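>>> next one to model:
(one chain, ligands or ions: 1)
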Amino acid sequence: MLLEAKNIGFRYGEGPWVLRGVSLSLKPGEVVGLSGHSGCGKTTLARVLAGYEPPLEGSVTLDGKPLPKKGYNPVQLVFQHPEKAVNDRWRMEYTLRENRWYQQKVLTPLGIEPDWLTRWPKELSGGELQRFCVARALGPQTRFLIADEMTTMLDAITQAQIWHVVLDAVKEQNLGVLVVSHEQTLLERLCSRVIDLEAFRDHSTKHHHPSDVCCQ
Ligand SMILES: Nc1ncnc2c1ncn2[C@@H]1O[C@H](COP(=O)(O)OP(=O)(O)OP(=O)(O)O)[C@@H](O)[C@H]1O
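Numbering: from 1, shown residues only. Below you'll find the model as predicted:
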């Protein structure tokens, strides 16, 4: 199974192109980095790859087919800010069950305490909430994980704990992971290769936004 983005173009409304001519592919069991300066479009690409935003140009496919519109999404996205990714009116056990195939076995290795399950999101710290978001994303049917600055706000020990669980899933269920981060040391430690999103910029500037064209 291959996750493939071909010639992706995306912009918000009539704004400038954020992504243009971006292509990448991710194989099962592969851990690949995505780097680039702040604002260059990493989060936008992460959202496009996981099917949250349809690309305006190009395609995202899984084994040559579009991402499924219904049912389980085999491409799971974990964001930097877990509080935006959970429903504050759901207790944590309900949040977890949002992915009805979530795996109980990852809870302890992720450091999730049993009594956190009955708490509301506002009763947990950001790091504790993020562990739930990772657990929710790691269902057995997950083929690819897009980790968008997933551990940026966490201390080193919690970061290591979470990545340990994710790398186990890479080995055990042949999960492919895209590590979106501006932390070079993290990317070097985890990834077999790193894609620099800025490398596509030269290409993108060859295409002009309609408002760049002067009409006289
Ligand atoms: N909802 C939105 N509406 C309009 N513009 C947006 C929206 N979200 C992002 N942008 C713009 O798109 C560009 C890319 O943003 P994006 O969040 O993808 O960058 P990033 O590389 O992930 O940045 P960072 O590393 O700071 O998180 C930025 O110029 C940003 O201002």
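>>> output the below-cut-off pLDDT ranges for this protein.
Low-confidence segments of the chain (pLDDT under 70): 202-216.
>>> make it 80
Within the chain, the ranges that satisfy pLDDT under 80 run 201-216.
>>> which residues of it lie near the ligand?
Counting by Cβ under 6 Å from any ligand atom, the chain comes close to the ligand at Tyr12, Gly15, Val18, Gly36, Ser38, Gly39, Cys40, Gly41, Lys42, Thr43, Thr44, His182. The C-beta positions use only the backbone N, C-alpha and C, and glycine is treated the same way.
>>> how about the contacts made by the last one?
Same thing as His182. Contact analysis of His182 by Cβ atoms under 8 Å, 6 or more residues apart in numbering lists Ser35, Gly36, His37, Ser38, Lys42, Glu149.
>>> quick check: the farthest pair among those residues?
His37 and Glu149 (13.4 Å; Cβ to Cβ).
>>> who has more neighbours, the two?
Glu149 (19 against 11; other Cβ atoms under 10 Å).
>>> quick check: closest non-adjacent residue to Leu45.
Distances taken as Cβ to Cβ, 6 or more residues apart in numbering place Leu19 nearest to Leu45, at 5.9 Å, with adjacent residues excluded.
>>> the one you found pairs with what?
Phe10 (DSSP bridges).
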